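**Student:** this is a predicted model, with the sequence first.
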Amino acid sequence: MFGYTDPVQVLLHMVCHCEDDQLSVLSPCSTVLGISQYGHLYISFFTEIGPHPAVLDLYTYGRGLSEARASLLANRGFVVFTVSLYGYDDNPKNMTKIHLEYFEEAIQFLENQFVITVQKGYLALSIATFLPGIAATVWINGCNANAMIPLPYKGTALMLDTKRVFATKSGALNVKYATLIPIERANGRFLFVAAEDDQHWDSCYFADQAMQQLKRHGKDNYESVFYPGAGHYYMPFCPSGIHGVIGKPVVWGGVPRSHAAAEVNLWRRIQEFFRTNLASNSNLSKAKL
């Protein structure tokens, strides 16, 4: 594991800052931003005077708001927006649909945009595909299709693409690729991360399918890493737990020692990936609290 003391300290300081500016120990530009149309967007952790690269951190299948990964990245010089989708504050109690405009509003506040996500990988891919200005996307144990929860954008649900449906020799329709996200349209780079002991779904297959899709369109804007013995739930290690959508215990998988090693390695890879794909000369010094 890596440094869980700092996230707790940052969170407590942030709460004090929000309630009373005189108690602030963060940079004066730290703030909390409310976006009322679909919920709240929190500018959780600003570091010292920038500019800094910005990360949009998505916590999806887990109900509420998680700030552990966001605070770790902030302590390495990134500006992090961590977004709740449901079950937090004025968000819906249950996740029945996700409006892509919610994230479009969030991205308007980010000058150098990056996306890091966990579990709900199709959401990160959709953001990188349909919204402009995304420089880099980290996809962790996700899916590459919009098939479960409606994802409306500008009045249209981004689910079944009839252009990807074709007739077979028998006359029956093949809809195998109809829900695949057209990631070949994305201009940014991808880091596909898959756990080989993922017991939730076949992350390795989805990652391979996404990379093959990019290859077919002549794209090479991706890299990948597969972790033997790692489970679905990236951080912290959790072999099983209550599923945020179905509300019942499920198996996530993972061997403790192998999963912990994967966490440490991926933490380094994520930072390197973002720094390599930084669009401008930003200040990436360690946060000083």
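**Tutor:** Yep, that arrived. This structure is a prediction, so every number in the text was calculated from the model and none was measured.

**Student:** show me where the stretch 51-200 of the chain dips below the pLDDT cut-off.
**Tutor:** 51-52, 59-66, 86-96, 109-120, 147-150, 152, 155-166, 173-178 (pLDDT under 70).

**Student:** quick check: residue 213 touching residue 190?
**Tutor:** No. When contacts are counted by C-beta atoms under 8 Å, residue 213 is not listed as touching residue 190 (10.8 Å). For the C-beta atoms, the positions are set from N, CA and C on the backbone; glycine is no exception.

**Student:** which of the two has more neighbours?
**Tutor:** Legend: neighbour count by other C-beta atoms under 10 Å for residue 213 and residue 190, higher for residue 190 (26 against 18).

**Student:** how about that one, nearest residue that isn't a chain neighbour?
**Tutor:** Of all residues not flanking residue 190 in the chain, residue 222 sits nearest, at 4.2 Å (C-beta to C-beta, 6 or more residues apart in numbering).

**Student:** how many residues are close by the one you found?
**Tutor:** The burial count for residue 222: 20, using other C-beta under 10 Å.

**Student:** kindly report the same for the one 4 residues further on.
**Tutor:** For residue 226, the number of neighbouring residues by other C-beta under 10 Å comes to 15.

**Student:** distance of it from residue 189?
**Tutor:** Using C-beta to C-beta, to the nearest Å, residue 226 is found at 18 Å from residue 189.

**Student:** one more: residue 169?
**Tutor:** 39 Å.

**Student:** over to residue 122?
**Tutor:** With the distance defined as C-beta to C-beta, residue 122 ends up 18 Å from residue 189.

**Student:** residue 240 now?
**Tutor:** On the measure of C-beta to C-beta, residue 240 and residue 189 end up 33 Å apart.

**Student:** tell me which of these two has more neighbours.
**Tutor:** Neighbour count, other C-beta under 10 Å: between residue 240 and residue 189, residue 189 has more, with 20 against 16.

**Student:** which residues sit in contact with the more buried one?
**Tutor:** 135-137, 221-223, 273, 277 (C-beta atoms under 8 Å, 6 or more residues apart in numbering).

**Student:** which of those residues sit farthest apart?
**Tutor:** By the measure C-beta to C-beta, 135 and 223 form the most distant pair in the contacts of residue 189, at 14.3 Å.

**Student:** which one's more surrounded, the two?
**Tutor:** With neighbours defined as other C-beta under 10 Å, residue 135 and residue 223 compare such that residue 135 has more, 20 against 14.

**Student:** doesn't the more buried one belong to a strand?
**Tutor:** Yes. When DSSP: H, G, I helix; E, B strand; the rest coil is applied, residue 135 is found to be in a strand.

**Student:** hmm, it is touching residue 273, no?
**Tutor:** No. Using C-beta under 8 Å, residue 135 is not in contact with residue 273, being 10.6 Å away.

**Student:** the stretch 51-200 of the chain: helices as residue ranges?
**Tutor:** Ranges of helices in the stretch 51-200 of the chain, per DSSP state H, counting those that start in this stretch, are 68-74, 100-107, 121-130.
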